[in-house]
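*Asks:* no sequence on hand, only this structure:
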């Protein structure tokens, strides 16, 4: 897929995410920035948990890479 199309799809996804977050905040009667601050402060937990799972399952790449 060309990079221009991929960038365009990413932009659409981010716009949709913002609209959905605004609608959710309005439905739950929360402030939009309160919701996004809460979400952003916890977002590093998910990849960290994934890396921890990779470590436990011995799936981490250790040593020099052989890919050029």
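*Replies:* Yep, it's here. Computed from a predicted model, the values in this text were never measured in an experiment.

*Asks:* the one residue sitting closest to the centre of the chain and residue 49: what is the separation?
*Replies:* By Cα atoms, centre = their mean, the chain has its centre lying nearest to residue 43, at 6.9 Å. Using Cβ to Cβ, to the nearest Å, we find residue 43 at a distance of 11 Å from residue 49. Yep, even glycine has a C-beta here, placed from its N, CA and C like the rest.

*Asks:* now residue 5
*Replies:* Distance of residue 5 to residue 49, given as Cβ to Cβ: 32 Å.

*Asks:* same thing with residue 42?
*Replies:* 11 Å.

*Asks:* could you say what helices and strands the top helix by length along the chain packs with?
*Replies:* Assignment by DSSP state H gives helix 3-27 as the longest helix of the chain. If you count contacts as 3 or more Cβ pairs under 8 Å, 6 or more residues apart in numbering; DSSP states H and E, helix 3-27 packs onto helix 32-42.
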